[in-house]
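K.L.:
Mind looking at a prediction? Sequence and model below.
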Amino acid sequence: MARETILHPAGPPGDDDDQDLRPQTMADMVGQREVIERLRIVIDAARKRGECLGHILFDGPPGLGKTTFATVIPHEMGVPINFTSGPVIKAPRDLVPYLTNASEHSVLFIDEVHRLPTGVEEYLYTAMEDFRIDIVLGEGVNARTHNLWLKPFTLIGATTRAGMLSGPLRDRFQIREHLGFYTTEELAEIIRRNARKLKTPIDAASQHEIARRSRSTPRIANNLLRWVRDYAQSKADGKISLALAKDALLMKGIDDMGLNPVDRNYLETLIRVFGGGPAGIEAIAHTMNASADTLTDDVEPFLLRSEMIVRSPRGRVATIKTFQHLQLPPPPPEAGGPQRHLFD
Ligand code: ADP
């Protein structure tokens, strides 16, 4: 019997607050100007031709707007959208209801598309190229394969790891866009707009302060804004001032650079236990009582990007910037300071 598959026609799965703040149109979106301009052109042209929009792949780190784009595009096209994600689709039959239920020109969004099993990826090839799938009817010796024609639809895939997508699948996306990080000014603008949506008064200095600590990422900016809003409502009159924003962020352990307590624990471990490195990720993880995967996926990307650590052939090394940030004296070069390890 076919397994029941849950479709999400209303909106992307996620917490309600996320939905509240998510832009609904491209005009509501901040930043990513070039991506938006290119998308406007393909949307406009598809509309004029009365055709379905080509399949689109968004790649980039978490929280930069992949799902948001996938939501606003069908909105601009005036078509419905269905949501699913790679880890949920374990076999082709899990995907079939999404494909057969897709109405003409509608959008099917697959988040974490790099996590689709190979068999499902291959099943998607004809669906994407010819809007056709093979389905098996009957069982055992009576099983017959039938061709099923689908209504033309647009597949929007999102991935944090474009490199993990197989070449043939990647090539079937006619439009591929990479989302980059946001400037502090863009994040301050997002915070300004979202504070208004949350009916929370905030001054320009506080918008900038929260933006500066948001690691160039809108999702983090929204989370920090919500926390500061709660703090303002609980501890004061609900208005966000610079002093209040700083107090709230201090209480949450978010420092000047946007480092959180886990980041600082990682850096302090690297320096205190391993003299600044080089140290292997497994050794660091054991000492912190954390999993190496979590550190590699969730903690290190920002530390690498902000040049707090480097990955040398012999392991992780803290940079001078980390010693300065944590206000620790760097070890003398003859003792094997962080700079020397880099060139070993
Ligand atoms: P991803 O799918 O890349 O992980 P999302 O699209 O879910 O990221 O973005 C996280 C949140 O950040 C959204 O709910 C939205 O509120 C906000 N956001 C993302 N991109 C933008 C943008 N360009 N302008 C305004 N807000 C944005």
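P.N.:
Okay, I see it. Residues are numbered from 1 along each chain as shown.

K.L.:
What parts of the protein come near the ligand?
P.N.:
With Cβ under 6 Å from any ligand atom as the criterion, the chain comes near the ligand at residues 18, 21-23, 29-32, 62-68, 158, 190, 218-219, 222. Every residue, glycine included, has its C-beta placed from N, CA and C.

K.L.:
and those, which are buried?
P.N.:
Neighbour counting over the residues of the chain next to the ligand (16 or more other Cβ atoms under 10 Å) leaves 18, 21-23, 29-32, 63-68, 158, 190, 218-219, 222 as the buried ones.

K.L.:
Next up, the contacts around residue 197.
P.N.:
Contact analysis of residue 197 by Cβ atoms under 8 Å, 6 or more residues apart in numbering lists 20-21.

K.L.:
confidence score at it?
P.N.:
Residue 197 is assigned a predicted lDDT (pLDDT) of 94.

K.L.:
Over to residue 138?
P.N.:
81.

K.L.:
if I look at the closest residue to it other than its chain neighbours, how far off is the ligand?
P.N.:
Residue nearest to residue 138 in three dimensions, not counting chain neighbours: residue 144, with 5.6 Å by Cβ to Cβ, 6 or more residues apart in numbering. Distance of residue 144 to the ligand, given as Cβ to the nearest ligand atom, to the nearest Å: 40 Å.

K.L.:
Tell me the spatial nearest neighbour of the residue nearest in space to the middle of the chain, not counting adjacent residues.
P.N.:
Nearest to the mean C-alpha position of the chain, counting by Cα atoms, centre = their mean, stands residue 62 at 1.7 Å. Nearest in space to residue 62, with sequence neighbours left out and distances taken as Cβ to Cβ, 6+ apart, is residue 160 at 5.8 Å.

K.L.:
Could you do residue 96 as well?
P.N.:
Per Cβ to Cβ, 6+ apart, closest to residue 96 is residue 135, 6.5 Å.

K.L.:
How about residue 169?
P.N.:
residue 121 (4.9 Å).

K.L.:
Can you pull out the low-pLDDT segments for the stretch 1-150 of the chain?
P.N.:
1-19 (pLDDT under 70).
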